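Undergrad: I'll drop the sequence and a predicted model, then ask my questions.
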Amino acid sequence: MTTPEHPSLSEQDLEINETWRGILLGTDPLLRRGRAIFRFLPSPPRCKMCHAPFGGIGSVLMRLLGKTPWKRNPRICGFCGRWALRKGPGGAEVPLSLLFADVRGSTPIAEQMSATAYGNLIGRFFKVATDVFVETGAIIDQLVGDEAIGLYLPAYAGEDHSRQAVRAAWSLLGATGHGTDGEPWIPIGIGVHTGPTFVGTVGSEDTFTDFTALGDTVNTTARLSAAAATGEVLVGTDAARDAGLVTDGLERRTLELKGKSAAFDVVVVRSEPEFEPTAPPSA
């Protein structure tokens, strides 16, 4: 059966999509109940979704429930990560921020060293990117070829996911040696963008299912990372606004991005970003 609002989706599909929306935004009732219970068990660090403890006495019980750090982000428990994936092919469109970091000139770099040495170099880059993603609350979407991709979802990174993504971009530049007196140990360019994105699983329940993000926001972020020069972070204006990025004195560009019908405005970050102060919580 289809519905009038979504003629291509059955009621079951719509229910799955709504469940996914709750997971991605952190509003799912089951997650809320878990937080209410697990927050009383000692002790930190905890799963950012359900608050299950990874340390202390409480972690012994959590291990029996499969609530140990997830490989895609060890600040989230594997139960929450796998629970989302077990919902089957489906997902939801939610606001999020993305970070694409791309190695500049990877082909000539690889040509100048042995395959093993190049593999070690890229492995080091992926390790650094993983550390930055985990620290800033991202889900690691892909570490492939010469590119690292992080998803900043409200459920994991918080409502300030845009700011977290911009901070992560700067941290990644610093960790790879940009902004120092010498040359970076690996040259990278980064794109950061914010917008509505489909996030969920793709594939078949009977074969292979993967967790990923799809849509124009993803494609645009990929184009931004490709357009960024070594040591640059190109931040879409929506991301810059949502992050509260102080743009006075920062270069602005209007880019013609491959495959995009309209020009795209960005802010260029080459030094440590400054942000507008966060408004205090209302009484």
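TA: Here it is on my side, so go on.
Undergrad: for the chain, which spans come out with low pLDDT?
TA: The chain contains residues with pLDDT under 70 at 1-10, 12, 84-85, 87-89, 203-210, 279-283.
Undergrad: for it, what's the longest strand?
TA: Longest strand of the chain, by residue count under DSSP state E: strand 188-203.
Undergrad: Give me the buried positions along that strand.
TA: 188-195, 197-201 (16 or more other C-beta atoms under 10 Å). (Each C-beta comes from the backbone N, C-alpha and C, glycine too.)
Undergrad: packing partners for the helix or strand where Ala36 lies?
TA: Taking DSSP states H and E as the definition, one finds Ala36 inside helix 29-38. When contacts are defined as 3 or more C-beta pairs under 8 Å, 6 or more residues apart in numbering; DSSP states H and E, helix 29-38 packs onto helix 11-25.
Undergrad: can you pull out the strands in the stretch 1-150 of the chain?
TA: For the stretch 1-150 of the chain, the strands defined by DSSP state E, counting those that start in this stretch cover 69-70, 73-77, 90-103, 139-144, 147-152.
Undergrad: closest one to Thr221 among the ones you listed?
TA: Nearest of the strands of the stretch 1-150 of the chain to Thr221, taken as C-beta to C-beta: strand 90-103 at 4.3 Å.
Undergrad: in its sheet, what does the closest one sit against?
TA: strand 147-152 (antiparallel), strand 188-203 (antiparallel) (DSSP bridges).
Undergrad: Just give me how far the longest one sits from the chain centre.
TA: To tie it back to what came earlier, the one meant is strand 188-203. 7 Å (C-alpha atoms, centre = their mean, to the nearest Å).
Undergrad: could you give the angle of it to helix 11-25?
TA: 150 degrees (axes from the mean of the first three to the mean of the last three C-alpha atoms, to 10 degrees).
Undergrad: going forward, begin numbering at 591 instead of 1
TA: All right, first residue 591 from here; so that's strand 778-793.
Undergrad: Using CSV, list the CA coordinates for strand 778-793.
TA: What follows is strand 778-793, C-alpha atoms only, in CSV (Å, rounded to 0.1, in the frame of the first residue of the first chain):
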residue,chain,number,x,y,z
ILE,A,778,45.4,18.2,1.8
GLY,A,779,42.5,20.4,0.9
ILE,A,780,39.2,20.3,2.7
GLY,A,781,35.5,21.1,2.0
VAL,A,782,32.8,21.7,4.6
HIS,A,783,29.2,22.1,3.8
THR,A,784,25.8,22.0,5.6
GLY,A,785,22.4,21.0,4.3
PRO,A,786,19.6,18.5,4.1
THR,A,787,21.0,15.0,3.3
PHE,A,788,19.6,11.5,3.0
VAL,A,789,21.3,9.3,5.6
GLY,A,790,20.6,5.6,6.0
THR,A,791,21.4,2.2,4.6
VAL,A,792,21.7,1.3,1.0
GLY,A,793,21.8,-2.2,-0.4
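Undergrad: the inter-axis angle of that strand versus strand 729-734?
TA: On the basis of the same axes, to 10 degrees, strand 778-793 is oriented at 110 degrees to strand 729-734.
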